[in-house]
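Asker: What shape does this take:
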Amino acid sequence: MIQLVRIATLALTALLLAGSAAAQSPAEDAIKNAEETYRLAKLHQDIPTLERILADSFNETNQNGNSRNKVQTLDLWKSFSIDSLQTNSMEIRVSDNTAMVLGTQTENGNEHMLFTRVYVNRYGQWQLLASMQYRDPRHAATAQ
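Answerer: Numbering: from 1, shown residues only. Okay, the predicted model is just below:
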């Protein structure tokens with residue numbers, strides 16, 4: 001009888017853990033899709049898509065300390081290109097109509113970055129309000 005209770009407890013725990021690990025809110029799914037769309041738009045210099053994703057009051061700060069608004073960012077991507085951009089990890093935190101994405105990415109195969117992005121839901125669409133990225137010091141230390 002005790003063994004049966006243990007098996008039932010283990011099975012219930014496994015089901016609960018599997019359900020909570022797989023459960024992702026619709027907002028998190030939408031943010032994940034927005035992140036992928038943003039990544040691809042930068043990679044392919046897709047200005048119309050960037051125009052749609054970036055909020056009018058968008059601001060970014062890049063790994064070199066340069067800060068740009070939406071117009072300056074769009075102008076940059078018209079002439080600036082990258083060979084590759086891969087998202088390595090991502091954690092999404094949603095609070096009402098605001099979401100924060102913390103993650104890591106690799107640009108051009110060897111530039112390892114940490115990033116924080118803030119999205120806002122306006123009129124049913126998630127738009128990127130702010131982005132900050134900087135070089136991952138864990139990779140810089142091993143390169144020296």
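
Asker: Following element in sequence after the one helix or strand in the chain whose mean pLDDT sits lowest, please.
Answerer: When the helices and strands of the chain are scored by mean pLDDT, DSSP states H and E, helix 2-22 comes last with a mean of 44. Proceeding N to C from helix 2-22, the next assigned helix or strand is helix 26-43, under DSSP states H and E.

Asker: Next, the buried residues of whichever helix or strand comes after that following helix.
Answerer: Following helix 26-43 in sequence order, the next helix or strand is helix 47-53 (DSSP H and E). If you call a residue buried by 16 or more other Cβ atoms under 10 Å, then helix 47-53 has these buried ones: 50, 53. Bear in mind the C-beta positions are built from the backbone N, C-alpha and C, glycine included.

Asker: repeat for stretch 60-78
Answerer: Within stretch 60-78, the residues that count as buried by 16+ other Cβ under 10 Å are 60, 62, 68, 70, 73-74, 76-77.

Asker: closest to residue 118 among those residues?
Answerer: residue 60 (10.5 Å; Cβ to Cβ).

Asker: tilt between the helix or strand where residue 100 lies and helix 26-43?
Answerer: Assigned by DSSP H and E, residue 100 falls within strand 98-107. Relative orientation of strand 98-107 versus helix 26-43 (axes from the mean of the first three to the mean of the last three Cα atoms, to 10 degrees): 40 degrees.

Asker: Just checking: what are the partner strands of strand 98-107?
Answerer: Applying DSSP bridges, strand 98-107 is found paired with strand 85-95 (antiparallel), strand 111-122 (antiparallel).

Asker: what's in contact with it?
Answerer: 27-28, 31, 35, 39, 82, 84-93, 112-121, 126, 133, 136 (Cβ atoms under 8 Å, 6 or more residues apart in numbering).
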